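# Quick check, what structure comes out for this input:
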Amino acid sequence: MSDYEMLHKASETNKAGAPGETKPAEINKFDKSLDYLTGIVGILMVVLHMYYAYTWRIQSIIILNAHLGFSLVMVYLTSARKTKNPVSKFLLLLCLLASVLCVLYVHFNSDALQDRIWANTNLDLVVGVILIAVVIIAVKLGFGWFMPILIMAITLYPFFGKYLPQPFTTRAYPFDQTIANFSIGLNTGLYSGNLRTSVEYVFLFVVFGSVLSATGVQKFFWELGKMLFRNLRSGPGLMAVLNSCLVGSVTGSPVANVMITGVYTIPSMKAAGYRPEDAAAMEASASNGGQIMPPVMGTAAFIMASYTGIPYLRIIAMAIIPALLYYLSVGLSAYFIVFKKNIQTENLDFFKEKTDLRLFFWKMPGFVIPLVTMVVLLANNMSVMTTAFWSILCLIAVSLLTPKDIRPKVKDILKGLISGAKEGATLGIILSAIGLILITFSSTGLAVKIGGGIMSLTGGKMILILLVVWVMCILFGMIGVISAAYYMGAIFAASTLTNLGLPLETVHFFIILPCMFAAITPPVAMACVVAAKLAGADYIKTAAATVRTAFIAFFLPFLVVYAPAITLSRSPKEGLFWVEIITSILIVLCGQFSFVGYFLTNMNILERLLLGAGALLFFISLMFVNYIPVVPWSMALASVAVFLFLHIKKYLAVKKGQLSLQPSTLER
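Sure thing, here's the model as predicted:
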C-alpha cells in the first residue's frame with residue numbers, strides 16, 4: 001500500500017477499540033465489488049511479474065506498458081474504493097477507464113508508435129496527452145499535491161523556457177516532439193529507464209516485504225527482542241532499534257517498517273515511560289535506517305543500480321558499514337535516553353515475560369531462510385528480479401511449513417500479495433512520472449546550467465561543493481519522495497562531483513544518503529507521521545525528536561567522501577583503512593553522546609561542546625589524512641580527554657552525594 005494508505009491504516013488502528021465508538025457503516029455492494037476487483041487485479045499483477053521474472057519471455061515494451069497499466073488501475077481502484085463522494089468516485093473510475101484505453105492503444109500499436117516517433121498522428125498525440133494526465137493525477141492520489149505540481153511546472157518548461165531570462169532560457173520545442181518525448185515515443189518520459197527500474201528492481205521486492213509481514217514474522221522479532229534485552233533498563237528502546245533494523249534489511253521501506261514493528265514496539269516503549277513523541281521518534285529513526293541496511297535496502301538503492309550501472313552487489317557492500325554506523329548512533333540514543341530522562345522501566349511486563357522458544361524457533365526460518373536465499377542468489381550474480389522471485393517462493397513455502405496454530409492462513413498471504421501490488425503500483429507511478437522530469441532536464445540542458453552554477457557559487461572548492469549538494473539533496477528529500485530526490489540530485493550534481501575526481505560510486509552514494517533521510521525530514525516525513533499516529537503523539541514534536549535521534553547520521557555522506565574505507569573503497573590490508581574506520585566510529589560516538597547529553601551522568605553545555613569539538617576535529621583529520629592528520633587527531637583526543645576528566649569528576653561527586661543535578665537537566 002502507498003504511504004498515504006499506510007497512514008490511513010495507522011490512524012484507524014489508533015482509533016480502534018475506543019470507548020463508545022460506533023461501528024463503521026456496512027460496506028455497500030459496489031464498494032465490495034471494488035474490493036474484489038482490486039484483489040483480482042493485484043493478484044494478476046503479481047502473477048504477471050512473477051512469470052516475467054521466471055521466463056523473461058515478454059517483449060520489453062509490452063511488460064513496461066503492462067506494468068504502467070496495472071499500476072494505474074491499482075491506484076485508481078484503491079482511491080475509488082476509499083472515497084465516499086459519488087462524484088469523486090465517478091471521476092476516478094473515468095480516469096481508470098481512460099488509463100485502460102490508453103494502455104491498450106499503446107499495446108496494440110507499440111511497433112508503429114516507435115516507427116513514427118516525432119511524426120505521430122493526431123490520435124497518437126491525444127493518447128499521449130491523456131496518458132500524461134492520468135499518470136500525474138495518480139501521483140497526486142499517491143503522494144499528495146506537491147509532486148504533481150512540481151512535475152507539471154517542470155514539464156511546462158520546454159514550452160515556455162524561451163520566455164525566461166538567462167541562464168534559464170531554452171529554445172522552444174514543437175508540441176508533437178515534446179509529447180512524443182514525454183510519453184507516446186515509448187523510449188523516454190513515462191516509458192524511460194525509470195519504469196524499467198520499477199519492473200526489474202522494485203516491484204517484486206516490495207511484494208516480498210508485504211508477504212513477509214503477512215506471514216507474522218514480526219513475532220520472531222518480538223521474541224528475539226525479549227531474549228536479548230529483557231534484562232536491560234533500555235530494553236524496549238533497543239528492541240525497537242533491533243527489530244526495525246532486521247525488518248528494514250528485507251523491506252527497505254521506512255513507512256512499511258513503522259507499520260510492521262511500530263504496532264508493538266511503540267506501545268512497549270510508552271508503557272515503559274517514554275514520552276509518546278520519544279517512542280515514535282525512536283521507531284521512526286530506527287525504521288528509516290532500513291533504507292541503507294543490506295541486502296534489500298530502499299527503492300533509491302535499486303534506482304541507483306539501474307541509473308548508474310553500478311552492480312547492486314557493490315552497492316550492498318558499500319552500504320554495510322554506513323548502515324552499522326547509523327544504527328550505532330540510533331542505538332546509543334535508545335540506550336541512554338532512559339537514563340537521561342530518568343525513565344524507570346523495571347516494573348514493565350516486558351521484563352517479566354519469558355521468551356516463547358517454540359514460537360521463536362518456528363518463526364525464525366521464515367526470516368532467516370529467505371534472507372540467506374536472497375544473499376546467496378545476489379552473490380552469484382542472479383538478477384535482482386529473479387532473486388526476488390525465488391525469495392518470495394521460499395518465504396511462502398517456509399511459512400506454510402510451520403505448525404497449524406502459528407501458520408499464516410492462505411488468505412493472509414493473498415492479502416500480503418495484494419498489499420504489495422498496491423504499494424508497488426504507487427511506486428511504479430511515481431517512477432514513471434519522474435521520467436517526465438528527467439527528459440525535460442536532459443533535452444533542455446537545464447541540469448548542465450545548474451551544475452555550472454554550483455561551480456561558480458563555490459569557486460570549485462570541494463568541501464563547499466559538497467555542502468551545497470548536501471543541502472540541495474536534503475531539500476529535495478523534504479518533498480517526501482526519495483526516488484525523485486535522488487534523481488534530481490544526480491541530474492544536477494553528479495557530473496559536477498565527478499569532475500572533481502571523485503569515483504562514480506562515491507558520488508552517487510554521497511547524493512543518495514541525504515535523500516534517504518527524507519522519510520524523517522519535515523515537512524513531509526511520512527515515517528514520523530505514521531509513527532506519531534501510532535503513538536498518539538504530536539507530529540511536530542515527533543519529527544523534531546526523530547531528527548535529534550538520528551542527527552549524526554545526516555553527516556554520513558561526508559564520511560563516504562573523506563573516509564572511503566567505510567564504503568570498502570580501500571583494502572583492509574592498508575593501514576589507512578583502519579585509521580578511517582576507527583576515526584569514523586569516534587566521530588559517531590562523540591557526536592551522538594554530545595547530542596544525547598548523557599554518558600555516566602547528565603552533561604552540561606561545556607561537556608557537550610567538548611565532545612562536539614572532538615567529533616569536528618576527528619572529521620578534519622580525515623580531510624587532511626594524506627597530509628598532517630596527527631595535529632587535528634591530537635587536538636580531538638585532547639578535547640575528549642578534557643571532557644572525560646570533567647565528566648568523571650562530576651559523576652563521582654554525584655555518586656558521593658556532593659553534587660545534585662537539577663531536575664531540569666533531565667530534560668533534553
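# C-alpha from now on. contacts and neighbour counts both.
Will do.
# all helices for the stretch 101-250 of the chain, in order.
Taking DSSP state H, counting those that start in this stretch to define them, one finds helices in the stretch 101-250 of the chain at 122-143, 146-155, 157-160, 175-179, 193-197, 203-214, 218-229, 235-251.
# State the distance from Leu224 to Gln218.
10 Å (Cα to Cα, to the nearest Å).
# any idea which helix or strand comes after the lowest-mean-pLDDT helix or strand in the chain?
Least confident helix or strand of the chain, by mean pLDDT, DSSP states H and E, is helix 3-15 with a mean of 44. The helix or strand immediately downstream of helix 3-15 is helix 29-55, counting by DSSP states H and E.
# which regions of this structure sit below the pLDDT cut-off?
Residue ranges of the chain with pLDDT under 70: 1-27, 167, 345-352, 626-628, 658-668.
# show me what contacts the residue nearest to Pro322 when sequence neighbours are not counted?
Once flanking residues are discounted, Pro322 sits nearest to Ile566: 6.4 Å by Cα to Cα, 6 or more residues apart in numbering. Counting by Cα atoms under 8 Å, 6 or more residues apart in numbering, Ile566 touches 318, 321-322, 559-560, 580-581, 584.
# Looking at those, which one is closest to Gln59?
Distance to Gln59, by Cα to Cα, is smallest for Met318 among the contacts of Ile566, at 33.4 Å.
# tell me, how many neighbours does the closest one end up with?
The local packing of Met318 (other Cα atoms under 10 Å) involves 23 other residues.
# Report whether it is found in a helix, as I expect.
Yes - per DSSP: H, G, I helix; E, B strand; the rest coil, Met318 lies within a helix segment.
# what about it, distance to Phe509?
Applying Cα to Cα to Met318 and Phe509 gives a distance of 8 Å.
# Same check on Gly262?
For Gly262, the distance to Phe509 (Cα to Cα) stands at 28 Å.
# Counting neighbours, go ahead and name the busier of these two.
Relative neighbour count places Gly262 above the other of Gly262 and Phe509, with 28 against 22, counting by other Cα under 10 Å.
# Secondary structure element for that one, which one?
Secondary structure (DSSP H and E) places Gly262 in helix 254-272.
# C-terminal to that helix, what's the next element?
Scanning forward in sequence from helix 254-272 by DSSP H and E, the next helix or strand is helix 276-288.
# Let me know how buried Leu377 is, in neighbour terms.
17.
# sorry, back to before: closest one to Pro503 among the helices of the stretch 101-250 of the chain?
helix 193-197 (22.8 Å).
# C-alpha coordinates for that closest one, PDB please?
Only the C-alpha atoms of helix 193-197 are listed here, as PDB (Å, rounded to 0.1, in the frame of the first residue of the first chain):
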ATOM      1  CA  GLY A 193      14.500   3.500 -17.700                       C
ATOM      2  CA  ASN A 194      12.700   4.600 -14.500                       C
ATOM      3  CA  LEU A 195       9.700   2.400 -15.400                       C
ATOM      4  CA  ARG A 196      12.100  -0.500 -16.200                       C
ATOM      5  CA  THR A 197      13.700   0.000 -12.800                       C
END
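# what's next to it, contact-wise?
With contacts defined as Cα under 8 Å, 6+ apart, helix 193-197 is touched by 64, 68, 302-303, 306-307, 428, 431-432, 434-435.
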